[in-house]
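Undergrad: Provide a 3D model corresponding to the input given below.
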Amino acid sequence: MRRRTGLAMAGVATLVWGEWMNWRWSRALVGPGEGASVAVVVLGYRNPRATANVVNRWRVRAGIRSVGADGADGTDGTYVIFSGGATSGGATEARVMADYAKSVLGFDGRILLEDQSTTTWENVTNVIPLLENADQIKIVSQPAHALKARAYLRRRRPDLAAKLVRADDYRPGEWLLVKPLLALYGLRTLRVLAADERTGSTERGPSAR
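TA: Numbers count the residues shown, from 1 in each chain. So this is what the prediction gives:
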């Protein structure tokens, strides 16, 4: 009985830890935001087929809900950027995600494609010209990956990084059972960042990749 109770408590603690880590990352390196125009950058995930896989489908949904009802029609200058290069299936990640947004989710807002990137650093570098006129910038992915991209933007263009605001890519209970694994992977991938970048300090991180 005690063993079962102990295992149950350990399981609950693991889920709470995964939830907390993802919550924390989703709130790092973002500010309150000002202005009407919002650029929502959705980062692609490797997609070997011509149709969006489960990860890209979720990222597109998170990107669309990050637009918000007020900017859905793009009349306030709000737009969505799908970023990702060629996949083994021939189509780019950006195109695959855009097709899913339009044909499946029925999104009819303004969409831009960045279809050359193969790494997160390239994602950030290549979308910079598309962010210049935005008042607010939201980067959408799993929380650790999105934080990594925000840190890279801060390294490349601190003036644009000052416009970063929270995306709707974290919700309590969503991906609940997977969040501990995402947290473990996040700890690994975020080792490339300085401590202040991981915690959201206002001090700038290093300029190296």
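Undergrad: Leaving aside the residues adjacent along the chain, what's closest to Leu59?
TA: Rather than Leu, residue 59 is Arg. Excluding the flanking residues, the one nearest Arg59 by C-beta to C-beta, 6 or more residues apart in numbering is Val42, at 5.4 Å. All C-beta atoms are positioned from the backbone trio N, CA, C, and that covers glycine.
Undergrad: secondary structure class for that neighbour?
TA: The three-state assignment at Val42 reads strand, by DSSP: H, G, I helix; E, B strand; the rest coil.
Undergrad: Also Ala167?
TA: Under the three-state scheme (three-state DSSP), Ala167 adopts coil.
Undergrad: show me the contacts for the closest residue in space to it that isn't next to it in sequence.
TA: Spatially, and ignoring its direct neighbours in sequence, Ala167 is nearest to Lys138 (3.9 Å; C-beta to C-beta, 6+ apart). Lys138 makes contact with 38-41, 66, 164-167, according to C-beta atoms under 8 Å, 6 or more residues apart in numbering.
Undergrad: If you rank the residues you listed by neighbours, which is first?
TA: When neighbours are taken as other C-beta atoms under 10 Å, the top entry among the contacts of Lys138 is Val41 (29 neighbours).
Undergrad: what pairs with that residue across the strands?
TA: Beta-bridge partners recorded for Val41 (DSSP bridges): Ile81, Ile139.
Undergrad: Kindly provide the distance from it to Thr14.
TA: 31 Å (C-beta to C-beta, to the nearest Å).
Undergrad: how distant is the helix or strand where Trp121 lies from the center of its chain?
TA: Using DSSP states H and E, the element containing Trp121 is helix 120-131. Here helix 120-131 is found 13 Å from its chain centre; the criterion is C-alpha atoms, centre = their mean, to the nearest Å.
Undergrad: Next: stretch 160-177.
TA: The answer for stretch 160-177 is 7 Å, by C-alpha atoms, centre = their mean.
Undergrad: Span of that stretch from start to end?
TA: 35 Å (C-alpha to C-alpha, to the nearest Å).
Undergrad: got a list of contacts for it?
TA: With C-beta under 8 Å, 6+ apart as the test, stretch 160-177 has contacts from 15, 18-19, 22-23, 25-27, 29-33, 38, 40, 58-59, 62-63, 65-66, 128, 131-132, 134-143, 146, 150, 153-154, 182.
Undergrad: which of these count as buried?
TA: Buried members of those, counted by 16 or more other C-beta atoms under 10 Å: 18-19, 22, 25-26, 29-30, 38, 40, 58-59, 62-63, 65-66, 131, 134-143, 146, 150, 153-154, 182.
Undergrad: For this structure, which residues score under the pLDDT cut-off?
TA: Within the chain, the stretches with pLDDT under 70 are 1-4, 6-8, 69-70, 72-73, 75, 88-89, 200-209.
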